[in-house]
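Visitor: Fold the following and give me the result.
(3 chains)
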Amino acid sequence: MKKPGTWLLHGVLMLFALIILAPVVYTFLTSLKLFRDIISGSWAFDPTWRNYEQLFMSNRNSFIDLTRNSLVVGGLTLAVVIAVAALGAYSLSRFRWRRAISGLVMAWLLFVNMLPPIIFVGPFYLIARTLDIYDTPLAIVMAHSILNLPLAFWMLHSFFADVPVELEEAAAIDGCSRLQTFLRIVLPIARPGIAATAVLVFVFSWKEFLFALTLSSTPAAMTIPVGIAGFAQEYNIRYGEMAAAAFFATIPALILVFIAQKHIVKGMTLGALKG
Amino acid sequence: MMATSAVDMTRQQRWRLSTFLDANFQYWALAPILIFLAVLTLYPVGQLLRMSVSDMAFVKGKLEWTYVGLDHFQTLRNDPVVPDALKNTLLFVVVVVCVEAVLGLLLAILVSRARRFAWFYRSVYMIPLLIPPIAIGTIWRLMYDYNYGIINQVLFELGLTGPLWTANPDLALVSVMIVDVWHWTSFLFLIMLAGVESLPYELSEAARVDGANEVQVYRHIFFPLLRPTIIVALMLRTILAFKVFDQIFLLTGGGPGTSSEVISLYIYKVYFVQTRLGYGALLALLTAVIMSVFVVFYQWLNNYVNRQR
Amino acid sequence: MSRSNPKLTRRHLLKGAAAATGALLASAPGVSFAQKASTINFLRHRAQVEPITILINDSPWFPGFEVLVNNYVDATGNDVNLNVTPFAGMLEKSRNAVQGNESEFDILNLNEQWYMQFYAGGLVKPIKEIKPDFELDPNVIEYDSSTRWDPNVRYSTPDGEIYGLPINGNIQLFFYRRDLFEAEGVAVPTTWDEVEAAAQVFHDPPQMHGFTIRSKPPNWEYQAYLESYGTSVIRLDVETGEWSVGLTAPEALEATNVWLNLGRNYGPANYADMGQAENLALMASGRLAMAHMVGAAAPNFDNEDQSVVVGNVGADVVPGGPAGRATMSGIWVMGIPHNLPEARQVAALTFLEWALSKEAQLDYALAGAIPVRQDVYEELAGDEKLGWWMKAMGDSTPYIKAQPRLAETPQIVEVVDRRMSQAIIDELSPEEALQEAAEEIQAILEGGGYNVTPLE
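Guide: Residues are numbered from 1 along each chain as shown, chains lettered A, B, ... in the order given. Have a look, this model is predicted:
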């Protein structure tokens, strides 16, 4: 029974992997084509690296700079959001709060998340100019934090709710402070959830366009999606360069996701913890 | 974090401070997020509420506000686009969230059962989420193109005549949904995977010993445990689906006609392109109300299933 | 931007005044200037005005603009900093800039679709308020008063004050496959009827299509059909100050039918979803005989990397109807934000005046941009490389028509786009589409407080 089942399992998983990868492969092939080959409608083409040269050699936005900025923005956003959301979500999910207060916080987070991002553009621009952080990665981190806090908070809230209360009580009896209990007991158990949340926060920051655009002004703070948007011009789309940029931009994020994904596997089991 | 800033305190003071902090842990743990929300959301949301009952215009470089009360509701009543946009939005949200939830959960369960290559599937299934939406929209539009797109090229090789995709008003929204499922299944997959991976497998083994089969284990043990995660995932995904923007903007622009017009795209046009800030603000708030109905429904569903058990 | 541009960077060292540096840093925080010191050019020029920052979109004509700026920097010693932004972000950034206490940009590049909002709201400064004796060189094309704004009628009229100066003279051209036309001995069409006759000769889908219309979104090119039949979306009677909606006129129906017929019968099967990019691609891949599209596409057809029809495309004025020929203006103007200190406004205008001079525009055009001077078009009409379309651009000048230019334009355009798109897919008949559009536009004008003639 085991053998055919395993084969079937991998067959299905592989099929989905192929479906997901097909457009990615197409993007890569497009990135090796000249415009005239992209629109030719035929299979044959001469591969060229010219689109990649445009990304790195042109005297305009260097994608090296943009990648650095994207990593800084994504990393800082991740750190801020996870720290702030985890503390808050733990507090609300584990301590006694009046329903009115906890309900208001949870609902307000959702409500903010429901509004179209475009309405925050003007206010955030003014806030960034006032705080004198306009055109720095910090301004973008500020916007990305508020955009991702609702998602992170709600996800972590649900994952913390799954952590058995008995473990925390045991830790308290052992003399752990509440912060220690949170850091040493709750976080490790909720690791898959935290890793998944962290991946989402980073990824959403990595590909966010609107605020990265409006809160940056020069390559000093510009991120990859802004650079990519430059290839969608008024009446002409530079498909080849855009495909190259999209393909290239996926690689650093994929490496990070690859590192993170192993934390999404089984957390510590109940038995292991007691010891 | 407190220890370093309190180096020169006496032991006594330190002890008292930490006791104080510990006793009030729940308050200071919640403080950062409250500060974030207060500083960054109160002003924009207040502004939005005020806009929804005002008209704004630039006069000699200064923005002037006029209170108009409920006038924008009148505009809404006469707006021929909103009914189409709402209908498309609801159809879009329900279809993509359902399809993605089923696929996401299925893939999460399958991946969690795959011993070998699990790292490969976990990574690959995340890829669509990593690509900037502007590139996703552009590349898929290229793939859909009737004259030189790869999809119809492949169909042609298989001896089929490809459809018009985004140029066919009956297929435009479907075309957008296909891209959305490709793009966003990853999101639900990831959250569900984290949920599935946290499941206590000891329980399932105990159940199997008692003679339960695989389906029963999932249905009676795992699914109830996963339910809170699934509900939150569906809720977050529903909100995101309501806000779908880049991919429709780039793939169809809402057309042909209004066949793929959705409310988020229309709000962008009204609020931003046409600078009808007041009416746009009202549409944004109304959309949030509609989303709230979904959220309340999910919470009700959660409680209902809870009570049934 | 200037960081990555060696010429501009060197220039930054020339400025002696610390105040100037301070102003520049304040205007564009986050960029460090003058990092690589070099004094070679120290004696050549000295900046006469404050450094400026220009908001400009990344586009096919950007390299030309870059040359223009470099030439200016070399010729005057004044500093220019370019803020290169994706097209998708231009409006956001322009709006933000004019709302702060002090604009971060000294010059905004504003598109045909939105500059009237900046004029109407007083968000850009009238040029005469910066320089009272300013005169626009008659050789600079005004694109049916795109430069002007008359607050009394709230419209761009020849009597209005100058608020913006054109920088990119984009209009529509008629492109055709010269090689095919010559081989078949077909004359270049000058009317829509002749376009149809020629399309019948060449139409052989899917290898070759006779003609395409743009349908995603349709309004810009569609308006040229209306004009060629003697009507328009809206029209102002300057005598009475009264507006009227022109879509219920019988001419509008004729124009719409011609447009639909050409698009449906001689275009590709996905005619309902053809954007500029798709039309351009169809022409560049050799599957289109004729196209009515943005003139700025011309250099793409001559680019070996992008096109398989290099040297085989011809250009002419857009064909016409009973009321003659028409091409719609789709230009960019540069405006100077209202929220700037006087010295920065003067510096910005100094650049713009220089940029509109004939010599500057010649180099600008040769470097791949679209000039805005008639004498430059005439001079380049004989150019070996660019002449084929520069001549058509120059010839088109008398036929340039304005789109609606009200603060409400984006709303009006949205109606035209939506209703005409519904007509293309046969969701509405042409009559219904026009009637619905007319009623909606009528309501928009009335809601805006304009004096409007009632619909027939």
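Visitor: Neighbours of B:R219, how many?
Guide: Neighbour count for B:R219, taken as other Cβ atoms under 10 Å in any protein chain shown: 12. From N, CA and C alone the C-beta is placed, and that goes for glycine too.
Visitor: let me redo that: B:L34
Guide: 15.
Visitor: what number of residues lie near the residue lying closest to it once chain neighbours are set aside?
Guide: Leaving aside its chain neighbours, B:L34 sits nearest to A:V105 (7.2 Å; criterion: Cβ to Cβ, 6 or more residues apart in numbering or on different chains). Neighbour count for A:V105, taken as other Cβ under 10 Å: 21.
Visitor: Okay, and A:V105 sits in which element?
Guide: In this structure, A:V105 sits in helix A:99-114 according to DSSP states H and E.
Visitor: What sits closest to A:V265 if chain neighbours are left out?
Guide: Nearest non-adjacent residue to A:V265 (Cβ to Cβ, 6+ apart): B:E197, at 5.3 Å.
Visitor: returning to that earlier point: which outside residues touch the helix holding A:V105?
Guide: Around helix A:99-114, the neighbours that count as contacts under Cβ atoms under 8 Å, 6 or more residues apart in numbering or on different chains are A:88, A:92, A:146, A:149-151, A:153-154, A:157, B:30, B:33-34, B:37, B:41, B:45, B:235-236, B:239, B:242-243, B:287-288, B:291-292, B:295.
Visitor: Which ones among these map onto helices?
Guide: A:88, A:92, A:146, A:149-151, A:153-154, A:157, B:30, B:33-34, B:37, B:41, B:45, B:235-236, B:239, B:242, B:287-288, B:291-292, B:295 (DSSP state H).
Visitor: out of those residues, which are buried?
Guide: A:88, A:92, A:146, A:149-151, A:153-154, A:157, B:30, B:33, B:37, B:41, B:45, B:235-236, B:239, B:242, B:287-288, B:291, B:295 (16 or more other Cβ atoms under 10 Å in any protein chain shown).
Visitor: Spatially, which residue comes closest to the residue in chain C positioned nearest to chain B, not counting chain neighbours?
Guide: Closest to chain B within chain C is C:G121: 2.7 Å, counting by Cβ to the nearest Cβ. Computed as Cβ to Cβ, 6+ apart, the closest residue to C:G121 that is not its neighbour in sequence is B:F58, at 2.7 Å.
Visitor: That neighbour looks like it's in a helix, true?
Guide: No: according to DSSP: H, G, I helix; E, B strand; the rest coil, the state of B:F58 is strand, so it is not within a helix.
Visitor: burial of it, as a residue count?
Guide: Using other Cβ under 10 Å, B:F58 has 20 other residues around it.
Visitor: and it, how far is that from chain A?
Guide: As defined by Cβ to the nearest Cβ, to the nearest Å, B:F58 lies at a distance of 13 Å from chain A.
Visitor: Need the per-residue pLDDT for that residue.
Guide: For B:F58, the model assigns a pLDDT of 87.
Visitor: Distance-wise, check it relative to B:L70.
Guide: Using Cβ to Cβ, to the nearest Å, one obtains 24 Å as the distance from B:F58 to B:L70.
Visitor: Then B:L17?
Guide: Going from B:L17 to B:L70 by Cβ to Cβ gives 54 Å.
Visitor: With neighbour numbers in mind, choose between the two.
Guide: Per other Cβ under 10 Å, whichever of B:L17 and B:L70 has more neighbours is B:L17, with 15 against 10.
Visitor: Just the element for that one, please.
Guide: Going by DSSP H and E, B:L17 is in helix B:11-23.
Visitor: average pLDDT across that helix?
Guide: Rounded mean pLDDT across helix B:11-23 is 76.
Visitor: swap in stretch C:368-385?
Guide: Computed over stretch C:368-385, the average pLDDT equals 95.
Visitor: Report the contact partners of A:L215.
Guide: Counted by Cβ under 8 Å, 6+ apart, A:L215 has contacts A:124-125, A:128, A:134-135, A:139-140, A:142-143, A:221.
Visitor: Identify the residue spatially nearest to it, adjacent ones excluded.
Guide: A:A139 (4.1 Å).
Visitor: And for C:G394?
Guide: Distances taken as Cβ to Cβ, 6+ apart place C:Y377 nearest to C:G394, at 3.1 Å, with adjacent residues excluded.
Visitor: how far does the helix or strand harbouring that neighbour sit from the chain's center?
Guide: Following DSSP H and E, one finds C:Y377 within helix C:374-380. Here helix C:374-380 is found 18 Å from its chain centre; the criterion is Cα atoms, centre = their mean, to the nearest Å.
Visitor: Format the CA atom coordinates belonging to the following helix or strand past it as PDB.
Guide: Using DSSP H and E, the next helix or strand after helix C:374-380 towards the C-terminus is helix C:387-396. This file holds the C-alpha atoms of helix C:387-396, laid out as PDB (Å, rounded to 0.1, in the frame of the first residue of the first chain):
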ATOM      1  CA  GLY C 387      12.700  62.400 -41.500                       C
ATOM      2  CA  TRP C 388      10.000  59.900 -42.300                       C
ATOM      3  CA  TRP C 389       8.000  60.600 -39.200                       C
ATOM      4  CA  MET C 390       9.300  64.100 -38.300                       C
ATOM      5  CA  LYS C 391       7.800  65.300 -41.500                       C
ATOM      6  CA  ALA C 392       4.400  63.700 -40.600                       C
ATOM      7  CA  MET C 393       4.600  65.300 -37.200                       C
ATOM      8  CA  GLY C 394       5.300  68.700 -38.700                       C
ATOM      9  CA  ASP C 395       2.500  68.300 -41.300                       C
ATOM     10  CA  SER C 396       0.100  67.300 -38.500                       C
END
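Visitor: Residues in contact with helix C:387-396: which ones?
Guide: Contacts of helix C:387-396 (Cβ under 8 Å, 6+ apart): C:169, C:171-174, C:295, C:298, C:313-318, C:327, C:365, C:370, C:374, C:377-378, C:380-383.
Visitor: Now the buried members of these.
Guide: Buried residues within the contacts of helix C:387-396, defined by neighbour count using 16+ other Cβ under 10 Å: C:169, C:171-174, C:295, C:298, C:313-318, C:327, C:365, C:370, C:374, C:377, C:380-381.
Visitor: hang on, the earlier thing: I'd like to know how far the residue nearest to B:L34 sits from A:W154.
Guide: Between A:V105 and A:W154 the distance, using Cβ to Cβ, works out to 11 Å.
Visitor: same deal with B:W300?
Guide: 17 Å.
Visitor: Please tell me how far B:D79 sits from C:V452.
Guide: 20 Å.
Visitor: what about stretch B:119-133 and chain A, touching?
Guide: Yes: Stretch B:119-133 is in contact with chain A by Cβ under 8 Å from any Cβ of the partner chain, via B:119-133.
Visitor: and that stretch, how far apart are its ends?
Guide: With Cα to Cα, to the nearest Å applied, stretch B:119-133 spans 25 Å between its terminal residues.
Visitor: for stretch C:258-273, same thing?
Guide: First residue to last in stretch C:258-273 (Cα to Cα) measures 18 Å.
Visitor: what comes up buried for it?
Guide: For stretch C:258-273, the neighbour count (16+ other Cβ under 10 Å) marks C:258-260, C:262-263, C:266-273 as buried.
Visitor: What does the pLDDT read for residue 156?
Guide: Going with chain A. 95.
Visitor: not what I meant, chain B
Guide: If you check B:F156, the pLDDT there is 93.
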